[in-house]
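Undergrad: For reference, the sequence and a predicted model appear below.
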Amino acid sequence: MSSTDRNGTEHLARQVEASLALVGRLPSTDPALAALQRWQRARLDATYADLAAQDIYRDACVFFLDELYGGKNVTERDRQLERALPVMKRFLPDHLLFAVGEAMRLQWMSLDLDARLAARIEGPLDQPEYARAYRRLEAWDEREEQIRLIGELGDLLVETVRKPMIRRLVRWMHRPAVAAGFGRLQEFLMEGLDAFAVMGKDGTFFVETIVERERRALEAIRDGADWPFEPWIGHGPVPPDDSSSDV
């Protein structure tokens, strides 16, 4: 799907609705999902530690891997987005609204896969059990679509930050957004645009690295590997502490 295929406002509205509907269907507390998401964030942190260690990529790792892809609970931000959509439609260009819609699509798609995968985990969570659970789930097409969306959204953000007026416009919206109760949403947009602006032309390498590693790991899982993330994190990550919950 490209930004020319659909109206950005309509696309964004649909994705926010889908995200909130999914959250509404999930149990308010699910220990298995919470444990999987903690493990998933630890896995992502370890897999991309080499990028996060470089100043040029650090903010993008936080934004892209944590905010959008790592299972973070962002329900309140999505509710702000739902309320702010009429205002955003007036001030923001259609292609940026489409990009935010794709970000929401990646977010709810990741949550949906995590929720379904959590139900297939049958033992202590480590790489072999994660891989076995994925083979039990057999959601190969959904995972391929998720990885493809990571690449397309990343490319869209790289292209967007080449237009300085967009960042100035989003920054200008800060005071009105705070006054209207949309402050967290405006910060989210600004953090994402700033992170990709810092990378400049290197943003393409950042996006390609994520897509390449996630695709290699998926192929390893499909081929029966027990340690699909071994090339980057050995036999990690360290199992998370299940006594805490952030979902």
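TA: It's in.

Undergrad: which stretches of this structure form helices?
TA: 8-25, 31-47, 49-52, 55-60, 75-91, 94-118, 127-137, 140-160, 164-172, 174-179, 183-199, 203-222, 230-233 (DSSP state H).

Undergrad: in this structure, what residue sits furthest out from the centroid?
TA: Ala179 (27.3 Å; Cα atoms, centre = their mean).

Undergrad: Please tell me how far it sits from Glu67.
TA: 24 Å (Cβ to Cβ, to the nearest Å). Yep, even glycine has a C-beta here, placed from its N, CA and C like the rest.

Undergrad: mind listing what's buried in stretch 213-225?
TA: Of all the residues in stretch 213-225, those buried under the rule 16 or more other Cβ atoms under 10 Å are Arg213, Glu214, Arg215, Ala217, Leu218, Ala220, Ile221.

Undergrad: wait, Gln146 sits on Gln107?
TA: No - using Cβ atoms under 8 Å, Gln146 makes no contact with Gln107, being 10.7 Å away.

Undergrad: Those two: who's more crowded?
TA: Gln107 (24 against 19; other Cβ atoms under 10 Å).

Undergrad: Identify the residue spatially nearest to that one, adjacent ones excluded.
TA: Once flanking residues are discounted, Gln107 sits nearest to Leu68: 5.5 Å by Cβ to Cβ, 6 or more residues apart in numbering.

Undergrad: Can you check the pLDDT for the one you found?
TA: We have a pLDDT of 78 for Leu68.

Undergrad: Pipe the helices of the chain into a markdown table and attach mean pLDDT per row.
TA: Converted to a markdown table, the helices of the chain look like this (pLDDT from 0 to 100):
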| stretch | mean pLDDT |
| --- | --- |
| helix 8-25 | 88 |
| helix 31-47 | 92 |
| helix 49-52 | 96 |
| helix 55-60 | 95 |
| helix 75-91 | 77 |
| helix 94-118 | 90 |
| helix 127-137 | 98 |
| helix 140-160 | 93 |
| helix 164-172 | 84 |
| helix 174-179 | 77 |
| helix 183-199 | 87 |
| helix 203-222 | 97 |
| helix 230-233 | 97 |
